[in-house]
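S.K.: Please work out how this folds:
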Amino acid sequence: MTDRELLSQQSRHDSFWSTTNLAEAIPGVSTPLNWTLWGPTIEGNTRRIFRILGVLSAEDTAIPADRKQWAYGVFYGRPAFRVDFFCDMGDRLPGTNGRAVAHQLMSHVPPDFQSHPLRRYYPVAALRMPIAFVRAIRLSRTGRYGTDRWWRESLRVVPTADEVATRAAFAQAVQQFRDSLFRHGLAFFVAVQPAYDFLNRLAAGTPVDAGELMKGYGGHEEVAIIEDLWACSRGRMNIDSFLDKHGYHGAGEGQISATVWREDPSTVAELIKRYQSMPDDADPSSAASDRMRQRQLLEKQFLSTLPARRRILGRAVLRLARLCIPLRGVNKVGFVQSLDIARITAKRLGLLMAADGRLRQAEDIFFLTVDEILAGGPDSDSAELIRERRAAYDRYHDLALPSSWRGMPAPVPVRPGAVDEVVGIGVSPGTVEGIARVVLNPSDVAGEPGEVLIAHTTDPSWASVMFLSAALVTDIGGPLSHAAIVARELGIPCVVDTQDSTTVINSGDRVSVNGTTGKVTIKSRCTSNATAE
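M.R.: Have a look, this model is predicted:
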């Protein structure tokens, strides 16, 4: 990879790309350090997983030397995935196909796409899938707690470590990140996604909304954040204990350069104040118990609508969903904690190298690559190299890209505010009308409880703000995105993949959100047209 292509590569003319869902995990523009940590990791893990399933050859498991052949890419600093690669994999898996995979990943099929199932892969994949499923469940359970212990111990020793020990800790964090993302990817492909697909297909012929069946599971990691914030607001937990459990979260936590709650707890303190203003009957634990009971009743109704011969299958699919769908949050904790240790070690290395003049400032560490850091840091020509990389990074912030494209992407113009409706995917049913609050950073907790939250995308740190909201609308996302899962658990309507709701809707506008149809209607415009930053 040349330095020119570090944050913006070239594409084959026939490759179809999308940022949907990936932008949720890696928000905004990546620094060189962030992308060289994420890029090779997700590329290698994805190929390894499809090799485990028997649908990718040993030769194709290796990361290609030509970046145009990768399943993942970066354009103007924004990560994207190659939809045609995943459609090809879908055509090799029994029980699905490339067209279905395209719908699952980005809710529409690339223009002119033709699905060509390759049934010769089916027997091997059918044999390997159950083995991979058992492995994914086991790794998810053991990895969650092992990573948590390592995260706590690393936070204790890294702040006072010398450069040699800090670089070794950084190398360990890189490996832990790779291992955690492998567990996350394996569970997603062999457990979470199949469970979601089975439930949707089975519910399609019934009057029951599949989205209603996928909430009220309990035990979601993001919901635990809300419940612990509530406990803080009622004096049952102090902020230090909260940070000890959740301090690796924060705005833009998928970026290694982000500032998380353990570094700056001011957002947490403000959220606790907001929660204190809410009535006692808004207790999220009680609401979660109610949603669990509602789901159990709905499951009985769902099973009663199935023909007798399909009820055994229905019960099995419901058990599978209860087991698998929460795994998405469980495994996400592991890679977010691993990224947090990469963060603290990188920041310490930046301080140490700036102190002896090898970097002009500590933040320059984010404009090196993983390999450059592991090799010992910058060389004598690094100052100009860092300056050029930083200049490109700054330029990319001024560009907006479409959510999907063929070949090379082009910046898209912002739609004027004259439109009165945006349409996305309804992922959590219900209809709410209220005042919109456009929030581009979850550290901004301005506004009032009961407003409609409008965001570009969300990550776990947003759950605490989502709890204050009556409904959620995002520019990007899919049925298994963070926004969708948490909205269902909170029981609020949610519409994702609207593309440009944050630019079309202004804070103060009155909007109606239909989480079933995916329509967001602007009922009236706020005269001040103020948008939160």
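
S.K.: where does the chain have low pLDDT?
M.R.: 1-4, 107, 218-219, 379-381, 412-418, 444-447, 527-533 (pLDDT under 70).

S.K.: Strands of that one, residue ranges please.
M.R.: Along the chain, the stretches classed as strands by DSSP state E are 16-18, 72-75, 78-82, 404-406, 421-423, 425-428, 431-438, 452-455, 471-474, 494-496, 510-514, 519-524.

S.K.: Could you give the number of residues near the residue lying closest to R328 once chain neighbours are set aside?
M.R.: The shortest distance from R328 to any non-neighbouring residue, by CB to CB, 6 or more residues apart in numbering, is to V192 (5.1 Å). All C-beta atoms are positioned from the backbone trio N, CA, C, and that covers glycine. For V192, the count of nearby residues is 25 (other CB atoms under 10 Å).

S.K.: how near is S18 to F85?
M.R.: 11 Å (CB to CB, to the nearest Å).

S.K.: The residue nearest to R328 is in contact with G329, isn't it?
M.R.: No: if you go by CB atoms under 8 Å, V192 and G329 don't touch, sitting 9.9 Å apart.

S.K.: and of the strands of the chain, who's closest to D290?
M.R.: strand 425-428 (15.7 Å; CB to CB).

S.K.: Which residues are in contact with the spatially closest residue to R406 that is not a sequence neighbour?
M.R.: Nearest-residue entry for R406: F16, 5.0 Å, with adjacent residues in sequence omitted and distances by CB to CB, 6+ apart. For F16, the contact set (CB atoms under 8 Å, 6 or more residues apart in numbering) comprises R82, V83, D84, P110, F113, S404, W405, R406.

S.K.: For the first one, give me its contacts.
M.R.: Contacts here follow CB under 8 Å, 6+ apart; on that basis R82 touches S15, F16, W17, W70, A71, Y72, G73.

S.K.: Now the two most distant members of the contacts of F16.
M.R.: Within the contacts of F16, F113 and W405 form the most distant pair, 14.0 Å apart (CB to CB).

S.K.: Compare the two (neighbour count), which wins?
M.R.: W405 (19 against 14).

S.K.: Excluding sequence neighbours, find me the nearest residue to the more buried one.
M.R.: Nearest non-adjacent residue to W405, counting by CB to CB, 6+ apart: W17, 5.7 Å away.

S.K.: swap in K519?
M.R.: Take K519 and drop its neighbours on the chain: the residue closest to it by CB to CB, 6+ apart is V423, 5.5 Å away.

S.K.: same deal with G477?
M.R.: V496 (3.3 Å).

S.K.: I'd assumed A471 was in contact with the one you found.
M.R.: No: at 11.7 Å, V496 and A471 do not qualify as touching, with contact defined as CB under 8 Å.

S.K.: So between those two, which is more surrounded?
M.R.: Shown here are V496 and A471; by other CB under 10 Å, V496 has more neighbours (32 against 28).

S.K.: Identify each buried residue in stretch 240-257, please.
M.R.: Within stretch 240-257, the residues scored as buried using 16 or more other CB atoms under 10 Å are 242-243, 246-257.

S.K.: To what extent is the residue nearest to R178 when sequence neighbours are not counted buried, counted in neighbours?
M.R.: Ranked by CB to CB, 6+ apart and with sequence neighbours excluded, the top spatial neighbour of R178 is T41, at 5.0 Å. If you count neighbours by other CB under 10 Å, T41 ends up with 23.

S.K.: likewise D394?
M.R.: Using other CB under 10 Å: D394 sits among 11 other residues.

S.K.: Report the separation between it and L7.
M.R.: The gap separating D394 from L7 is 11 Å, by CB to CB.

S.K.: and what of P94?
M.R.: Distance from P94 to L7, by CB to CB: 38 Å.

S.K.: Looking at these two, which has the bigger crowd around it?
M.R.: L7 (24 against 15).

S.K.: How about that one: what's its closest non-neighbour residue?
M.R.: Closest to L7 by CB to CB, 6+ apart is G77, at 4.7 Å.

S.K.: can you redo the buried residues of stretch 240-257 as JSON lines with distance to R387?
M.R.: Below are these laid out as JSON lines (distance: CB to CB, whole Å):
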{"residue": "F242", "distance to R387": "40"}
{"residue": "L243", "distance to R387": "36"}
{"residue": "H246", "distance to R387": "37"}
{"residue": "G247", "distance to R387": "33"}
{"residue": "Y248", "distance to R387": "31"}
{"residue": "H249", "distance to R387": "32"}
{"residue": "G250", "distance to R387": "28"}
{"residue": "A251", "distance to R387": "27"}
{"residue": "G252", "distance to R387": "23"}
{"residue": "E253", "distance to R387": "27"}
{"residue": "G254", "distance to R387": "25"}
{"residue": "Q255", "distance to R387": "20"}
{"residue": "I256", "distance to R387": "20"}
{"residue": "S257", "distance to R387": "17"}
